[in-house]
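Trainee: structure of the sequence below:
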Amino acid sequence: MSEKPAAGGGTSDLDRAKILQEALPYIQRFAGKTVVIKYGGHAMENDDARASFCRDVTLLDVVNMRPVIVHGGGPQIGALLERMGIPSRFHAGQRITDTPTMEVVEMVLTGQVNKEIVNDLHRAGAWAVGISGKD
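Mentor: Residues are numbered from 1 along each chain as shown. Model (predicted):
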């Protein structure tokens, strides 16, 4: 195994082996179990973090865990509301979802964000399917 970082400053083989060794008890404990992951909209905005997330979820799938991702999309919703001229309103940190806002929320979460996550996971090698609460 190489102790040198991978090309481009990535993680060395030795570091990867140490990470997997530390993860082994958790892999054994949660194999065959459903693992729920909250994936926030802000985390989706960084391409490197997004790729890392998809690799991690793929690893969970490969080691026989059943990851279920519950995703957000607040920034993406806010951006489309702004483009459509619909004001974003919040109360105590929660979005107020009147009828026009709810239509945009559903459009963004099911028509955009969900599909992007599924496509990203497929590219990373995971088996994924996207559903919404209405499905």
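
Trainee: going forward, measure contacts and count neighbours with C-alpha atoms only.
Mentor: Noted.

Trainee: residue ranges of the helices in this protein, please?
Mentor: Secondary structure of the chain (DSSP state H): helices at 13-30, 47-62, 74-84, 99-108, 114-124.

Trainee: save those as a markdown table, and put in mean neighbour count too.
Mentor: Formatted as a markdown table, these follow (neighbours: other C-alpha atoms under 10 Å):
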| stretch | mean neighbour count |
| --- | --- |
| helix 13-30 | 13 |
| helix 47-62 | 17 |
| helix 74-84 | 16 |
| helix 99-108 | 16 |
| helix 114-124 | 18 |
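
Trainee: make JSON lines out of those helices and add mean pLDDT.
Mentor: Shown next, in JSON lines, are the helices of the chain (pLDDT from 0 to 100):
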{"stretch": "helix 13-30", "mean pLDDT": "92"}
{"stretch": "helix 47-62", "mean pLDDT": "93"}
{"stretch": "helix 74-84", "mean pLDDT": "95"}
{"stretch": "helix 99-108", "mean pLDDT": "94"}
{"stretch": "helix 114-124", "mean pLDDT": "96"}
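
Trainee: now the ones you listed as CSV including distance to residue 130?
Mentor: Formatted as CSV, the helices of the chain follow (distance: least, C-alpha to C-alpha, whole Å):
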stretch, distance to residue 130
helix 13-30, 23
helix 47-62, 14
helix 74-84, 17
helix 99-108, 13
helix 114-124, 6
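
Trainee: so which of those helices comes closest to residue 39?
Mentor: Nearest to residue 39, of all those, is helix 47-62, at 8.8 Å by C-alpha to C-alpha.

Trainee: now for the closest one, which elements pack on it?
Mentor: strand 66-71, helix 114-124 (3 or more C-alpha pairs under 8 Å, 6 or more residues apart in numbering; DSSP states H and E).

Trainee: what residues are up against residue 130?
Mentor: Counting by C-alpha atoms under 8 Å, 6 or more residues apart in numbering, residue 130 touches 114, 115, 118.

Trainee: CSV for those residues, including distance to residue 92?
Mentor: Converted to CSV, the contacts of residue 130 look like this (distance: C-alpha to C-alpha, whole Å):
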residue, distance to residue 92
114, 26
115, 30
118, 31
